[in-house]
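**Q** Structure for the following, please:
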Amino acid sequence: MKILVCISHVPDTTSKINFSDNNTKFDTNGVQFVINPYDEFSLTRAMWFKEKQGASVTVVNVGDPSTEPTLRKALAIGADNAIRVNAVPTDGLMVAKELAEIVKNGGYDLVLAGKESADYNGQMVPGMLASLLDFNFVNGCVGMEVEGTNVSLEREIDGGEEKVSSSLPMVVAGQKGIVEEKDLRIPNMRGIMMARKKPLTVVEPAGAATGSVSQSFEKPAPKGAVKLVDNVDELISLLHNEAKAI
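**A** Residues are numbered from 1 along each chain as shown. Here you go, the predicted structure:
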């Protein structure tokens, strides 16, 4: 089984976010980038398939050279090789089209990704990718087993979980539950050294057009001061008249 894991290069969630050029561009100064947490859950599941079933695991990212340390970390975790599509990601459809070309040219059986990226939270790319490829698709996956070409999955739905059966080839968008946080892997020194020798292939983009453009960014309004109240009647009045919560 050939597995492709899509990796997003996102700011660490503890980073302080700022914008430049009159709030039209994200300011990367002082920001540490990491593997998208949802993608890391799916990568860890791919490693399980590699160790238990002998699958090969390739990681892919659409990005400029600054994303290569993130790909190297994925290689240190245990992926066999990496691909970087040499293009700056502009929107979800553009990324999905570039990834579709990688899948078509690589003959992958299973494409794993996170359900969304931790920066834009769009939840677009995996579904678009499956549609472009005409692959089966499951989103919000919290459990997965593969036997031959048959796939058993569990996915999160409102109020519970749903069990699904499908078949390869397919795209699966995972989240916490496909593996648990305790199962995530921290690269050790041996993995880091081996990652330096593993192939990281840079391919030129297919030239997918941008479907949308970000016009500007705006930070959330700062939270107001805390107001302490002494009794329930006053609290109810404030919730009703000021907060408009009831």
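**Q** Do a quick rundown of the strands in this structure.
**A** For the chain, the strands defined by DSSP state E occupy 2-6, 9-11, 18-20, 25-27, 33-35, 56-63, 81-86, 110-114, 136-147, 150-157, 160-167, 170-174, 200-203.
**Q** So for residue 220, which of those sits nearest?
**A** Judged by C-beta to C-beta, the one of the strands of the chain that comes nearest to residue 220 is strand 18-20, at 12.7 Å. The way it works is simple: take the backbone N, C-alpha and C, and place the C-beta from them, glycine included.
**Q** Mind picking out the helix or strand in the chain with the poorest mean pLDDT?
**A** Lowest on mean pLDDT, DSSP states H and E among the helices and strands of the chain sits helix 232-241, with a mean of 89.
**Q** And for that helix, what's in contact with it?
**A** Helix 232-241 is contacted from outside by 227, 229, 245, 246, using C-beta atoms under 8 Å, 6 or more residues apart in numbering.
**Q** and it, how far from the chain's centre?
**A** In terms of C-alpha atoms, centre = their mean, to the nearest Å, the gap separating the centre of helix 232-241 from the centre of its chain is 42 Å.
**Q** Could I get the phi/psi values of residue 207?
**A** Per-residue torsions, residue 207: phi 90, psi 30 (degrees, to the nearest 10).
**Q** Look up how far residue 141 lies from the nearest residue in space to residue 77 that is not next to it in sequence.
**A** Of all residues not flanking residue 77 in the chain, residue 185 sits nearest, at 5.0 Å (C-beta to C-beta, 6 or more residues apart in numbering). Counting by C-beta to C-beta, to the nearest Å, the separation of residue 185 from residue 141 is 19 Å.
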